[in-house]
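A.B. asks: what's the 3D shape of this:
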Amino acid sequence: MAAPFEGTIDRAAIIARIRNHPFSDDPVVRRRDFARLFLGDDAAMAAPTSVDLAGTDGTIVYFHGGGYSFGSPQTHWRLGHGLAERTGLRVVLPSYPLAPEQRWPAQLQAALAAVAEHPDPLFLAGDSAGGHLALVTALACARRGRPLAGLILFAPNTDRTGRSQTRRRNNPIDPMVDDAGDQALARQCFGDRAPEDVQVSPLLDELALLPPLYIEAGREEVLLDDSLLLARACRQAGGTVTLHVQPDGLHMGQLWAPWWPVACASLERAAAFARSAVQAADSLRPV
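C.D. replies: Numbering: from 1, shown residues only. Prediction:
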């Protein structure tokens, strides 16, 4: 499988690649377009089966982003490998149903089934729509009495009720996401569910139920406020939140590791959070 880059790259090279790889409006073709963007121009669209990267001392279940319409464990394999390498934890990238063929809550049901297969200590993680899925799944786990070691979110979708200012302000400068496209993908997945539905906008849910949380987003992302609002609300609910806003970050920028140093640094920050949470959990175990 041909990789899109060799050696070290910068932000300008990534933006040029994004602009040279537009996405089709057809869901099936768009999935192929997305795979080629991140896997290389000669990449064949692999079947979206789960990817499991071995490790010890705990598990990260990572849900891939892609607006609930595209993306797969294969497109996010390098990101998962980067986390496994930096944490020493097992990293699992499960597949889940994609819209418009299957709508919510099929994605949540698949996520809960995936989580049930793994023992503690367990982290959930994800980017973009995958971050939304990790967040909603973490809340569902808490209600079912399943404690998590932590939650790692890269620019998650958290609110669709109009609270965000960056959906408008950053719309002209985010090369990866535009608000209209994001809203269209949400309609494909959630149908006529109200924006105030806590499974659509988990920002409105009982955030005190969440485990320690790591959130990262780029300063120029359309979804920046989705992250900032979540961090503030979690802290107000008494939660433990580590927030990082990357000045030159890009939406789904972590997928450009190992070539982009900014992506590698992002994975290292998330890994440091996970390692610290595992150590904290170990200190509480009876001797």
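A.B. asks: for the stretch 51-200 of the chain, give me the ranges with low pLDDT.
C.D. replies: Within the stretch 51-200 of the chain, no stretch falls below the threshold (pLDDT under 70).
A.B. asks: can you pull out the strands in it?
C.D. replies: 51-53, 59-63, 90-93, 122-127, 150-154 (DSSP state E, counting those that start in this stretch).
A.B. asks: the third one pairs with which strands, parallel or anti?
C.D. replies: Okay, so that is strand 90-93. Strand 90-93 sits in its sheet next to strand 51-53 (antiparallel), strand 59-63 (parallel), going by DSSP bridges.
A.B. asks: identify all contacting residues around the longest one.
C.D. replies: This means strand 59-63. Strand 59-63 is contacted by residues 76, 79-80, 83-84, 87, 89-94, 96, 111, 114-115, 118-119, 121-126, 130-131, 133-134, 137, 152, 274 when judged by Cβ atoms under 8 Å, 6 or more residues apart in numbering. All C-beta atoms are positioned from the backbone trio N, CA, C, and that covers glycine.
A.B. asks: among the strands paired with strand 90-93, which is nearest residue 32?
C.D. replies: Closest approach to residue 32 among those (Cβ to Cβ): strand 51-53, 18.4 Å.
A.B. asks: quick one: contacts of that closest one?
C.D. replies: With Cβ under 8 Å, 6+ apart, strand 51-53 has contacts from 73-74, 76-77, 80-81, 84, 90-93.
A.B. asks: what about the residues you listed, which one has the most neighbours?
C.D. replies: If you count neighbours using other Cβ atoms under 10 Å, the busiest of those is residue 93, which has 29 neighbours.
A.B. asks: what bridges to that one?
C.D. replies: Beta-bridge partners, per DSSP bridges, of residue 93: residue 51.
A.B. asks: mind listing what it touches?
C.D. replies: 50-53, 62-64, 73, 76-77, 80.
A.B. asks: repeat the analysis, applying 10 Å as the threshold.
C.D. replies: 48-53, 60-64, 72-77, 79-81, 83, 114, 125-126, 130 (Cβ atoms under 10 Å, 6 or more residues apart in numbering).
A.B. asks: keeping just the C-alphas, turn the lengthiest helix in the chain into PDB.
C.D. replies: Ordering each helix of the chain by length in residues (DSSP state H) puts helix 261-284 first. Presented in PDB, the C-alpha positions along helix 261-284 are these (Å, rounded to 0.1, in the frame of the first residue of the first chain):
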ATOM      1  CA  PRO A 261       5.900  16.500  13.900                       C
ATOM      2  CA  VAL A 262       2.800  18.300  15.200                       C
ATOM      3  CA  ALA A 263       0.800  15.000  14.800                       C
ATOM      4  CA  CYS A 264       3.500  13.000  16.600                       C
ATOM      5  CA  ALA A 265       3.500  15.600  19.500                       C
ATOM      6  CA  SER A 266      -0.300  15.300  19.800                       C
ATOM      7  CA  LEU A 267      -0.100  11.500  20.100                       C
ATOM      8  CA  GLU A 268       2.600  11.900  22.700                       C
ATOM      9  CA  ARG A 269       0.400  14.200  24.800                       C
ATOM     10  CA  ALA A 270      -2.500  11.800  24.600                       C
ATOM     11  CA  ALA A 271      -0.200   8.900  25.500                       C
ATOM     12  CA  ALA A 272       1.200  10.700  28.500                       C
ATOM     13  CA  PHE A 273      -2.400  11.300  29.700                       C
ATOM     14  CA  ALA A 274      -3.100   7.500  29.300                       C
ATOM     15  CA  ARG A 275       0.100   6.400  31.000                       C
ATOM     16  CA  SER A 276      -0.700   8.700  33.900                       C
ATOM     17  CA  ALA A 277      -4.200   7.400  34.200                       C
ATOM     18  CA  VAL A 278      -3.000   3.800  34.300                       C
ATOM     19  CA  GLN A 279      -0.500   4.700  37.000                       C
ATOM     20  CA  ALA A 280      -3.300   6.300  39.000                       C
ATOM     21  CA  ALA A 281      -5.500   3.300  38.700                       C
ATOM     22  CA  ASP A 282      -2.600   0.900  39.700                       C
ATOM     23  CA  SER A 283      -2.000   3.000  42.800                       C
ATOM     24  CA  LEU A 284      -5.600   2.400  44.000                       C
END
